[in-house]
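1. Everything below, folded, please.
(one chain, ligands or ions: 1)
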Amino acid sequence: MTEVIKRLKAIVGDRFVSAEPEERYLYSMDQGTMPPAEPDMVVMPGSTEEVSEIMRLANEYQVPVVPMGGGLVLSGLTRALKGGMILDMKRMNRITEVNPKSRYAVVEGGTSQGMLQAYLKKHHPELKHSMPDAPPIATLAGNVCIHGSGHLSVLGGFHSDMLTGMEVVLPTGEIVRTGSCSVSADWFGKAPLPDLSGLFMGWSGTTGIVTRLGIKLFPNYRHNDLLIFVTEDPRDMPDVIARLTSTQVAEDMTPWMTPKPEWARGFMHINIAYGAHSKEELTFKRNLLQISVKDYIDNKSGGFLPMPPPQKGRFMQLPSPDLARFADVRKGGGFEYVGAIMAIEHFPEAYQAGVRIAEKHDVSYSMGARIVGAGHAMMFFYAYAFNRADPEDMARAQHALEETNSAALDMGGIPWKAELPAQQKIIEKMAPETFALMNRIRHTLDPNHIMNPGNWERA
Ligand SMILES: Cc1cc2nc3c(=O)[nH]c(=O)nc-3n(C[C@H](O)[C@H](O)[C@H](O)COP(=O)(O)OP(=O)(O)OC[C@H]3O[C@@H](n4cnc5c(N)ncnc54)[C@H](O)[C@@H]3O)c2cc1C
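-> Prediction:
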């Protein structure tokens, strides 16, 4: 390893390589329940060419490479399961282009959500991108790579649907482009070419390193508002969601259910965020949303929650501070949530499974969902907080998570950003031909099997 470290220093500079125990410890874990796995070294490249050189070196010495953005995935996907190096992308954080007319931005692979948000606010206040509720240091590349979603997902789908193109360093070191930028100077989209971005989305960093990506931007409205619809009956939720999304007015819809505070217990809430260029347009859109669920209001099985402006403002913050606050409810810095992507009609059983599992394992929970597209799917999440310093508390959360993953698969959902045990469950259920194809693709791209090994493999 000494020779590898020496050559890495020659590529990126002394300051950006470390094999010190402190760094190896810090990079061995995330806040989730997966056990730590120490890398042998951490390297921070500053350019695509450096990433390419690092990959060639890693192949020469057969050293595993784990790409990492913010390291906030929570399901342990940036741990070095087989040792080797963590490739921390945070230095590559330049925003290289904003196209205000075709509405896209091109950013480097380590650019954080907060950086793009701040840049647009300053230079293009008429534009915005879809922010996840993750802490702002989370990267766009890390999020797109795991099919993340955010506050414009009703409008634009998963963040991988908002991808317009990529520059990727392959496991063997070649630099490739996908989408229009492979033919043209413009990064407008994936059509009409074969969609090669699928080789890198959802693979947990096992097929390449995204060094640049194009992402869609959307109009930033001057007037924004939020409605909260409430009902007691989870069985109403699929129809309520279908009605609200059929108006095609909302930018974001996030149902949430929590036993605390007491006033929220037992109720299904749906936050509906929407915006407009003028006050008249805002009123028109609010009316459309309200009329869509009028039947529920008339028969008194649902209604809109009146909210004083300060409380409303809090709900409209991007990213939302509430999930991060809940994450520390047990103190001790442990938090993980399992999200399963599933069809909307499974909402009632998804909710009931969550309540049952949390009670059985005696864990603090909050549940919610993000509606993706015009009601085309949802990411239903179960968040469990635990105290990392209390092994029993952590074990309880882990068991609850595992049971939740099984329940999600049983009802036809698929665990999102699956941690290792959940990956195994998915592989077991996946059509064998599909898994064989995944392996063939992976072997072709990564013949020495050095990219984030241990992930998407049969145990
Ligand atoms: C409080 C809280 C709220 C959250 N809310 C949301 C939410 O609303 N929506 C949402 O989608 N997520 C959410 N998350 C989950 C997660 O934090 C985000 O998805 C985050 O954007 C992941 O990005 P990251 O940079 O931290 O990725 P990382 O954790 O660094 O990496 C994720 C995966 O992508 C791979 N990867 C990272 N960078 C690259 C690259 N450049 N090339 C190739 N592979 C790469 C890694 O190997 C890993 O497999 C939340 C997390 C927390 C803690």
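2. Near the ligand, which residues of the stretch 151-300 of the chain? Just list them.
-> Contacts of the stretch 151-300 of the chain with the ligand, taken as C-beta under 6 Å from any ligand atom, map to Ser204, Gly205, Ile209, Val210. From N, CA and C alone the C-beta is placed, and that goes for glycine too.
3. Then the stretch 351-459 of the chain?
-> Asn452.
4. In the stretch 351-459 of the chain, what residue lies closest to the ligand?
-> In the stretch 351-459 of the chain, the residue that lies nearest the ligand is Asn452 (5.5 Å; C-beta to the nearest ligand atom).
5. Burial check on that residue, number of neighbours?
-> Asn452 is flanked by 27 other residues according to other C-beta atoms under 10 Å.
6. distance of it from Ile291?
-> To Ile291, Asn452 is 49 Å away according to C-beta to C-beta, to the nearest Å.
7. related to what we said a few turns ago, tell me which of the residues of the stretch 151-300 of the chain next to the ligand is nearest to Ile175?
-> Ile209 (9.9 Å; C-beta to C-beta).
8. thinking again about what came up before, contacts only, for the residue of the stretch 351-459 of the chain closest to the ligand.
-> Counting by C-beta atoms under 8 Å, 6 or more residues apart in numbering, Asn452 makes contact with Pro64, Val65, Val66, Pro67, Leu77, Leu81, Ser204, Gly205, Thr206.
9. which of those residues count as buried?
-> Burial by neighbour count, judged by 16 or more other C-beta atoms under 10 Å, picks out Pro64, Val65, Val66, Pro67, Leu77, Leu81, Ser204, Gly205, Thr206 from the contacts of Asn452.
10. Can you add pLDDT and give the residues you listed back as JSON lines?
-> Putting these into JSON lines (pLDDT from 0 to 100) gives the following:
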{"residue": "Pro64", "pLDDT": "98"}
{"residue": "Val65", "pLDDT": "98"}
{"residue": "Val66", "pLDDT": "98"}
{"residue": "Pro67", "pLDDT": "98"}
{"residue": "Leu77", "pLDDT": "97"}
{"residue": "Leu81", "pLDDT": "97"}
{"residue": "Ser204", "pLDDT": "96"}
{"residue": "Gly205", "pLDDT": "97"}
{"residue": "Thr206", "pLDDT": "98"}
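11. just checking, which of the residues you listed belong to strands?
-> Val65, Val66, Pro67 (DSSP state E).
12. Specify which member of those residues is nearest to the ligand.
-> Pro67 (3.9 Å).
13. Isn't the closest one up against Lys90?
-> No - using C-beta atoms under 8 Å as the test, Pro67 is too far from Lys90 to be in contact (11.4 Å).
14. Now do the helices in the stretch 301-450 of the chain.
-> 309-315, 321-327, 347-361, 391-410, 420-429, 432-445 (DSSP state H, counting those that start in this stretch).
15. So what's the gap between the fourth one and the chain middle?
-> Going back to what we said before, that points to helix 391-410. 20 Å (C-alpha atoms, centre = their mean, to the nearest Å).
16. packing partners for that helix?
-> Applying 3 or more C-beta pairs under 8 Å, 6 or more residues apart in numbering; DSSP states H and E, one finds that helix 391-410 contacts strand 334-342, helix 347-361, strand 377-386, strand 414-416, helix 420-429.
17. so for the fourth one, what's the average pLDDT?
-> The average of the pLDDT scores along strand 414-416 is 96.
18. One more: the longest one?
-> The average pLDDT for helix 347-361 rounds to 92.
19. Now that helix: buried residues?
-> Within helix 347-361, the residues that count as buried by 16+ other C-beta under 10 Å are Phe347, Glu349, Ala350, Tyr351, Ala353, Gly354, Val355, Ile357, Ala358, His361.
20. Please apply the same query to the last one.
-> Going by neighbour count (16+ other C-beta under 10 Å), the buried part of helix 420-429 is Leu420, Pro421, Ala422, Gln423, Gln424, Lys425, Ile427.
21. coming back round to it: the helices of the stretch 301-450 of the chain: lowest mean pLDDT?
-> Among these, helix 321-327 scores lowest, at a mean of 62.
22. Okay, now the unreliable bits of the chain?
-> 321-334 (pLDDT under 70).
23. separation between the residue nearest to the spatial centre of it and Ala422?
-> By C-alpha atoms, centre = their mean, the chain has its centre lying nearest to Gly148, at 3.1 Å. Gly148 sits 16 Å away from Ala422, taking C-beta to C-beta as the criterion.
24. before we move on, what about Gly208?
-> From Gly208 to Ala422 the distance is 22 Å (C-beta to C-beta).
25. Gly165 too?
-> Gly165 is 30 Å from Ala422, by C-beta to C-beta.
26. one step back: doesn't the residue nearest to the centre of the chain lie inside a helix?
-> No - secondary structure of Gly148 (DSSP: H, G, I helix; E, B strand; the rest coil): coil, not part of a helix.
27. For it, give me its contacts.
-> Pro132, Ala134, Phe158, His159, Ser160.
28. And Pro447, by the same measure?
-> Pro447 touches Thr172, counting by C-beta under 8 Å, 6+ apart.
29. quick one on the thing from earlier: so for Ser301, which of the helices of the stretch 301-450 of the chain sits nearest?
-> helix 347-361 (14.1 Å).
30. chain center to the closest one: distance?
-> Using C-alpha atoms, centre = their mean, the offset of helix 347-361 from its chain centre is 23 Å.
31. That helix vs helix 391-410, what angle?
-> Helix 347-361 and helix 391-410 are oriented at 150 degrees to each other (axes from the mean of the first three to the mean of the last three C-alpha atoms, to 10 degrees).
32. what sits up against helix 347-361?
-> Taking C-beta under 8 Å, 6+ apart as the rule, helix 347-361 contacts 234-235, 237-238, 241, 255, 257, 268, 340, 342, 364-365, 367, 369, 378, 380, 382, 384, 396-397, 399-400, 403-404, 407-408, 411, 413.
33. Just the buried ones from those, in ChimeraX syntax?
-> One line in ChimeraX is enough to select the buried members of those, burial here meaning 16+ other C-beta under 10 Å:
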select :234,237,238,241,255,257,268,340,342,364,365,367,369,378,380,382,384,396,397,399,400,403,404,407,408,411,413
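34. would TSV of the helices and strands packed on helix 391-410 with distance to Gln248 be doable?
-> TSV is the format used below for the helices and strands packed on helix 391-410 (distance: least, C-beta to C-beta, whole Å):
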stretch	distance to Gln248
strand 334-342	21
helix 347-361	20
strand 377-386	16
strand 414-416	25
helix 420-429	32
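35. related to what we said a few turns ago, so which of the helices of the stretch 301-450 of the chain gets nearest Glu22?
-> Across those, closest to Glu22 is helix 391-410 (C-beta to C-beta), at 23.1 Å.
36. ok, residues contacting that closest one?
-> Identification of contacts with helix 391-410 by C-beta under 8 Å, 6+ apart yields 33, 330, 332, 334, 336, 338, 340, 342, 350, 353-354, 357-358, 360-363, 365, 380, 382, 384-388, 414-415, 418-419, 421-422, 425-426, 429.
37. next one: stretch 425-433
-> So stretch 425-433 is in contact with Asn405, Ser406, Leu409, Ile414, Pro415, Ala418, Phe435, Trp456, Arg458, going by C-beta under 8 Å, 6+ apart.
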